[in-house]
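*Asks:* using only what follows, build the 3D model:
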Amino acid sequence: MDIKPGEFGSIYGIEVSMYEYICYTTVRQEKEALGVYIRHDMDSDWARRKVIRGFLSV
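*Replies:* Below you'll find the model as predicted:
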């Protein structure tokens, strides 16, 4: 995890791994996508990896 100045001005942000981001996301579409995969396979770790692969392929 890194804390550093943002791209614009003196706003600081915390960079986390994609896995951590997916675990704690508050974006509705991302939570819904994760929920779909979890309901389909019942394995939250597999679901997180599937959503991350989707992000990286865009």
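
*Asks:* report pLDDT for the residue with the shortest distance to the centre of the chain.
*Replies:* In the chain, the centroid-proximal residue (CA atoms, centre = their mean) is I22; its distance is 2.5 Å. I22 is assigned 81 on the pLDDT scale.

*Asks:* name the nearest residue to it, ignoring sequence neighbours.
*Replies:* R48 (4.9 Å; CB to CB, 6 or more residues apart in numbering). All C-beta spots, glycine's among them, are computed from the backbone N, C-alpha and C.

*Asks:* helix or strand for that neighbour, which one?
*Replies:* helix 44-56 (DSSP states H and E).

*Asks:* mind listing what's buried along that helix?
*Replies:* By neighbour count on 16 or more other CB atoms under 10 Å, the buried set for helix 44-56 is A47, R48, K50, V51.

*Asks:* now do the same contact list for the third one.
*Replies:* With contacts defined as CB atoms under 8 Å, 6 or more residues apart in numbering, the neighbours of K50 are Y37.

*Asks:* quick check, pLDDT for it.
*Replies:* We have a pLDDT of 82 for K50.

*Asks:* same question for G13.
*Replies:* On the pLDDT scale, G13 gets 67.

*Asks:* what's the spacing between Y37 and E15?
*Replies:* The spacing between Y37 and E15, counted by CB to CB, to the nearest Å, is 24 Å.

*Asks:* the two: who's more crowded?
*Replies:* Comparing Y37 with E15 by other CB atoms under 10 Å, the one with more neighbours is Y37, at 18 against 10.

*Asks:* quickly find the element holding the more buried one.
*Replies:* Going by DSSP H and E, Y37 is in helix 28-41.

*Asks:* so how far is that helix from its chain's centroid?
*Replies:* Helix 28-41 sits 12 Å away from the centroid of its parent chain (CA atoms, centre = their mean, to the nearest Å).
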